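1. Pasting the sequence and the predicted coordinates here, then a few questions.
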Amino acid sequence: MTTQSTAGAAAPRTLAEELRQRDDASLATLLRARPDLLSPVPNDLTQLATRAGTRASVVRALGRLDTFALQAAEALAIAPEPATYETLRALLAGDDGDELVDRTLPGTVGTLRDQALVWGGDERLRLVRTVRELLAPSAQHPSPTGLGPTVAESTSGMSPGRLQQLLEAAGLTSTHDPVSAVSALTDLITDRTRMSALLDEAPVDALDVLGRLTWGPPYGQVTAEPAAHLRWLLDRGLLVPTSPGTVVLPREVALHLRGGRAHRTTHPLPPEVAAAAEHRPRVVDATAAGQALAAVATVEELLKEWHEGGPAALRAGGLSVRDLKRTAVGLDVPEPTAAFWVELAYATGLLASDGGWEGSSYDEDPASRRTEERYAATPAYDDWLELPAAERWARLAVAWLSATRTPGLVGGRDGKDRVLSALGPHLDRSAAPEVRRHVLDLLAELPEGAAAAPESVLARLRWERPLRIGAASDPGSDDLRTRLARWTLDEAELLGVTGRGALSATGRALLTDSVRTEAREAHGPVTHGTAQADRAETALEGALAELLSPLLPEPLDHVLLQADLTAVAPGPLERPLAETLGVLADVESKGGATVYRFTPGSVRRALDAGRTATDLHTFLETHSRTPVPQPLSYLIDDVARRHGHLRIGAASAYVRCDDDSVLGEILADKRAAALRLRRLAPTVLAAQADPAALLDGLRSMGFAPSAETPEGDVLIARAHAHRTPPRTAPAPVPEGPPLPDDTLLGAAVRAIRAGDMASTAPKRQAPDAAARPAPGGLPRTTSAETLATMQAAVMTGETLWIGYVNAEGTASQRVIAPVRVEGGFVTAYDHTADEVRTYPLHRVTGVAELAEE
């Protein structure tokens, strides 16, 4: 925290001078709090101060202040400039005082100083000009304090005669000029005793009017002929006309009525996050582990649905509303939840657009292209499937925490009134990772097993980030952090980071600094998208998986067959068993136990995939803990007996059967009319439909045909796995520049100090006025003059000021002590870089001697 004292140093007149009085640690604190000031590194402290006062940078800094720091800045904006610390304290604590304000305010003022939003000592506190412009009250931009203009501002257009009338009505002595008249009226209003005596004479109705305007807004409407109580206020300057029919309550009057407080309520301390319920930690961890397993299964089910190529991408990118609804029905979840799973798979790199490529080979052959772009699983999905369930979940959780994709926005509209679609290009919100992490940090502050009350979490977030200047460009963005926090609580429960609203052990590990510290120590500094970042994420995923694995049930190698043609899987199944059973039966219900139902269609599907009846019987006998029910055996044998009795090939299409009576039955069936069949031979029918339509048509009539190859063999129907070309997970979109590390901060501070030394060092004036550099410019001398001055400095040991242009064309000024000049180069001790360097003479724009002082 930066403290200011005028003792021992002249009071700074500008922010740049104040920054020059700071030590390196204080400058590093400023650059760490406002990293946008480093893009690019300022040449000197004057440029740093100028950049710190730009509107964009100030808006960003104000948006990161907590409620009390913002209230302190708002109070300074309505105080006289410069203001004393005691004036600021009185505006926040009021006439009655506030112990919490007294205890908290010094640190808050230090924070504002650290961030260069306030500068000056405790006797001369000043807001940066841009901050005052943003926070000071005006008719166009009311202040959150609810205060209006001062007496001087509100009477600035009033005639001298009218001012004298106000003084006379208030019982004051007339003055000789408007300035002293305004000063006398202000002194009266700010004097608590005299002002109270004046209000004691006010009509009751007049006090009621003042009461309605006290806490804002300070503007009111009056008629052309005001009532007597309003005239009493107007005649004494307690209400001042601003335009025909409009009056304003001067700031000093409102502060008197408020008891000196700038705000109705101050909030020096953050609200506590309250616990809504208490659970045993083991129950929380078990609940979260069950949800984690369900999350992995849901993502797997989603991508299994899109195994052969998912829905088409919209022209503008993203899923259509109809495809999202279809996905939600397939997953048996609401549409917002389906959007979350789709976006999570995308953020993890398991799902992407195929770019219009067909098949699984992505060469340059134009024939392998297609015009329609679709979504499908990536090759990384196949690798993910091979991992244990705990590791698969860890990869999902790590991707979720850092993703800027915001599925909660799906279905809403952006600033251009465009519908936001899942997987669309406009769902990134840079604040999302920060809010997610902070919400989980707040949950971690509670005791283990305690579930937070959502409203208390939201209240804490609103206290920490109350202001959103310039949010009007994005409708609803002023409430974005609140919505992000609500979505975080819901998504954490879906994903298994929390259980019953409380943070689980794996959720705490996701945030634990020790895990991340170990990753950094093992793999070095982490920058997103680098090999170090990948290794650090892998280390974190391993730590999470190690915690989760003992909580997950072991995959089962058996099911329980029942007489009603169902099979019950009492837990997660081993992958080969689950894949085969998924072909042989249809999933009827999911949950702690999964119920599969065998139907003629599902059995035929297994036979189409190349299984024989014997294979199916053997499979069920091997993996069932109960005897195979007789109805199931009969079903398999019955479907297998009829399967392939009819053969369909391409003529356009034909039907072949050794039993000509079956073909006669088909021809006689009215439902076959749409297929336009005709007999070519006793055992062959030709159709004008394609083979796929013919297969579907005959199956709908109750037959069990099978397709055959041109050689007459049964065509084995296996699912064609469609994959996108290799894709990386989408990189998070950062909010502003990245946070600088200590190394970068140290180098930046040294560079700024060096540039400031070069720009502020006293220089000798050249005898020729034309040769003198312009203020802030680089020295300019001829090559011969530069060489001669350098050589002379080597002999005398003098320090020189030079202008230098590097290979990229960037100009800078430096203070050097030449040591050697030879071969077109000068070797010198560079005071600005604090090291010995060699410079090409042809890149030196000019040289000047420093003044002896």
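-> Looks like it came in fine.
2. so what strands line up beside the strand ranked longest in the chain?
-> Counting by DSSP state E, the longest strand found in the chain is strand 811-822. Note on strand 811-822: by DSSP bridges, its sheet partners are strand 800-805 (antiparallel), strand 825-830 (antiparallel).
3. Including mean neighbour count, could these go into CSV?
-> All C-beta atoms are positioned from the backbone trio N, CA, C, and that covers glycine. What follows is those, written out as CSV (neighbours: other Cβ atoms under 10 Å):
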stretch, mean neighbour count
strand 800-805, 22
strand 825-830, 19
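4. weakest of the ones you listed by average pLDDT?
-> If those are sorted by mean pLDDT, strand 800-805 sits at the bottom with a mean of 86.
5. Same list, the strands paired with strand 811-822, but as CSV with distance to L495 please.
-> Formatted as CSV, those follow (distance: least, Cβ to Cβ, whole Å):
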stretch, distance to L495
strand 800-805, 54
strand 825-830, 54
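6. Of all those, which one is nearest E335?
-> strand 800-805 (59.4 Å; Cβ to Cβ).
7. from the middle of its chain, how far away would that closest one be?
-> Remark: strand 800-805 is offset 44 Å from the chain centroid, using Cα atoms, centre = their mean, to the nearest Å.
8. same deal with stretch 738-745?
-> 20 Å.
9. Please apply the same query to stretch 346-359.
-> 24 Å.
10. Just the buried positions in that stretch, please.
-> Y346, A347, T348, G349, L350, L351, A352, S353, D354, W357, E358 (16 or more other Cβ atoms under 10 Å).
11. mind listing what's buried in the lengthiest helix in the chain?
-> Scanning the chain for the longest helix, with DSSP state H as the assignment, gives helix 281-305. Applying a neighbour-count criterion of 16+ other Cβ under 10 Å, one finds 281, 284-285, 287-304 buried in helix 281-305.
12. same deal with stretch 51-69?
-> 51-53, 57-63, 65-69.
13. And for stretch 74-92?
-> 74-79, 82-85, 88-92.
14. between those residues, which is nearest A169?
-> For the buried residues of stretch 74-92, the nearest to A169 is I78 (26.4 Å; Cβ to Cβ).
15. Can you get me a residue count around the nearest residue to that closest one once chain neighbours are set aside?
-> Spatially, and ignoring its direct neighbours in sequence, I78 is nearest to L147 (5.3 Å; Cβ to Cβ, 6 or more residues apart in numbering). For L147, the tally of surrounding residues (other Cβ atoms under 10 Å) stands at 30.
16. Am I right that L147 sits in a helix?
-> No: if the criterion is DSSP: H, G, I helix; E, B strand; the rest coil, then L147 is coil and not within a helix.
17. still on that earlier bit, the longest helix of the chain packs against which elements?
-> helix 321-331, helix 335-347, helix 389-402, helix 480-495, strand 498-499, helix 505-511 (3 or more Cβ pairs under 8 Å, 6 or more residues apart in numbering; DSSP states H and E).
18. angle of that helix against helix 389-402?
-> Interaxial angle, helix 281-305 versus helix 389-402 (axes from the mean of the first three to the mean of the last three Cα atoms, to 10 degrees): 90 degrees.
19. where does the stretch 251-400 of the chain dip in pLDDT?
-> Within the stretch 251-400 of the chain, the stretches with pLDDT under 70 are 356-371.
20. What spatial separation is found between A33 and A25?
-> 13 Å (Cβ to Cβ, to the nearest Å).
21. Compare these two (neighbour count), which wins?
-> Neighbour count, other Cβ under 10 Å: between A33 and A25, A33 has more, with 16 against 10.
22. thought that one was touching R113?
-> No: look at A33 against R113 with Cβ atoms under 8 Å: they stay out of range, at 10.9 Å.
23. what about L269, how many neighbours?
-> Neighbours of L269 (other Cβ under 10 Å): 13.
24. whoops, I mixed them up, A536
-> A536 has 24 neighbours, counted by other Cβ under 10 Å.
25. got it, and A686?
-> With other Cβ under 10 Å as criterion, A686 counts 15.
26. so which of the strands paired with strand 811-822 comes closest to A751?
-> strand 825-830 (11.5 Å).
27. could I get that closest one in CSV with only the CA atoms?
-> Extracted in CSV, the C-alpha atoms of strand 825-830 (Å, rounded to 0.1, in the frame of the first residue of the first chain):
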residue,chain,number,x,y,z
PHE,A,825,30.5,1.4,-33.0
VAL,A,826,30.5,3.0,-29.5
THR,A,827,30.9,0.8,-26.4
ALA,A,828,29.5,2.6,-23.4
TYR,A,829,28.0,2.2,-19.9
ASP,A,830,24.3,2.7,-20.5
